[in-house]
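K.L.:
sequence below, structure please.
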Amino acid sequence: MRTPSSRATSDGGFYHPLEPENAPNTFTPPPLDNTPIAGIDKRDRVYKAFLDMPEMALTSNDYRQFTEWGFTTKMVKRRGYRRLPLKKRAKICKTLIERGYELEGVPGFYFNPEGYWSFTTGPGIIFPSLTPDMKIQGLQVRLDKINQGGKYRFFSSSGRPAGTSTGAPWHLAKPVKETRKIIFITEGYRKADYTAEKMGACCIGLPGVNSFNGVAEYVAGTRLPFAIAYDRDILHKYEVIYALKRFLNELSVCKNRKFLTRWKECQGKGIDDLLLAGGWPELVAITPKVIASVKKQEARLLKQNKIRLTR
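P.N.:
Model prediction:
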């Protein structure tokens, strides 16, 4: 049973410590920031069981949102999207533990000092991050309420007892039927999933334009051509063009055929917007001339930024 409390939580509720005999789980957590991340097999098992819980079902509003994004119901179910709830968190964790799943070291989960397991983030829509062999390595949440940190959050429990950081893993989306032997690289898990569905090609979703660690090694191993499809705000944002320059430098070791994608800005910001509108990206081979053009654009935007900062 819960005890009275006047101590507020960050989500607008209140802490209600459980009486010891009624605490869902017993566990002695290690010191903060001292829990190594669980191996990929453990994370995959726990996340799959977690997402399969009935409390994680998408709402009718979620399905309407996906329709606006261009997803069919089949696509949504195929990609394993779910909803991170605000309520019944301790109950969900207790059920997982009773079914034999260990939560320690799995990003997003932590042991509440009041005496029970819980999880962070949300509420919002969950987008799984898959490895090349289709194991769930982490989760990203599109928050219902956008705060100062943006609309997307990793399902991470760094700094919590028995919790750990998920890092910033990239996601590989595979098509139902691969009709194009090329790998697209874009920003965001959902965008990668939609691109894979519509283009019949594998697509890597970076969690951010600067989060490309390990991508070069992966695409080099496939020997497939690849195309970078950053959002069209690359025309205006110094941070994005600078990230592209760094990424191109990282990819210079790859012997694969390399391309940049291009489309008119009026056709959509992202490649998903372009595809939803019935458009198709143009592929531009990455040559020394193109790389020089990227560097020139970076210098131009840097100069504009400095001018704005001095005003």
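K.L.:
who touches the lengthiest helix in the chain?
P.N.:
Using DSSP state H to define each element, the chain has its longest helix at helix 288-310. With contacts defined as CB atoms under 8 Å, 6 or more residues apart in numbering, helix 288-310 is touched by 235-238, 241-242, 244-245, 248, 260, 284. In this view, the C-beta of every residue, glycine as well, is placed from N, C-alpha and C.
K.L.:
how about JSON lines for those residues, with distance to K48 added?
P.N.:
As requested, the contacts of helix 288-310 are arranged in JSON lines below (distance: CB to CB, whole Å):
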{"residue": "L235", "distance to K48": "40"}
{"residue": "H236", "distance to K48": "40"}
{"residue": "K237", "distance to K48": "37"}
{"residue": "Y238", "distance to K48": "40"}
{"residue": "I241", "distance to K48": "38"}
{"residue": "Y242", "distance to K48": "37"}
{"residue": "L244", "distance to K48": "35"}
{"residue": "K245", "distance to K48": "38"}
{"residue": "L248", "distance to K48": "36"}
{"residue": "L260", "distance to K48": "36"}
{"residue": "V284", "distance to K48": "39"}
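K.L.:
thinking again about what came up before, any buried residues in the longest helix of the chain, and which?
P.N.:
Across helix 288-310, burial judged by 16 or more other CB atoms under 10 Å covers 291, 294, 297-298, 301.
K.L.:
likewise for stretch 239-258?
P.N.:
By neighbour count, with 16+ other CB under 10 Å as the criterion, the buried positions of stretch 239-258 are 240-245, 247-248, 251, 254, 256, 258.
K.L.:
just the CA coordinates of it, formatted as PDB?
P.N.:
Extracted in PDB, the C-alpha atoms of stretch 239-258 (Å, rounded to 0.1, in the frame of the first residue of the first chain):
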ATOM      1  CA  GLU A 239      25.800  22.500 -37.900                       C
ATOM      2  CA  VAL A 240      24.300  20.200 -40.500                       C
ATOM      3  CA  ILE A 241      26.700  21.000 -43.300                       C
ATOM      4  CA  TYR A 242      29.600  20.700 -40.900                       C
ATOM      5  CA  ALA A 243      28.400  17.300 -39.800                       C
ATOM      6  CA  LEU A 244      28.200  16.200 -43.400                       C
ATOM      7  CA  LYS A 245      31.800  17.300 -44.000                       C
ATOM      8  CA  ARG A 246      32.900  15.200 -41.000                       C
ATOM      9  CA  PHE A 247      30.800  12.300 -42.200                       C
ATOM     10  CA  LEU A 248      32.300  12.400 -45.700                       C
ATOM     11  CA  ASN A 249      35.700  12.400 -44.200                       C
ATOM     12  CA  GLU A 250      34.800   9.400 -42.200                       C
ATOM     13  CA  LEU A 251      33.400   7.600 -45.300                       C
ATOM     14  CA  SER A 252      36.500   8.400 -47.400                       C
ATOM     15  CA  VAL A 253      38.000   5.000 -46.500                       C
ATOM     16  CA  CYS A 254      35.000   3.200 -48.100                       C
ATOM     17  CA  LYS A 255      35.600   1.900 -51.600                       C
ATOM     18  CA  ASN A 256      31.800   1.800 -52.200                       C
ATOM     19  CA  ARG A 257      30.200   4.000 -54.800                       C
ATOM     20  CA  LYS A 258      29.000   7.100 -52.900                       C
END
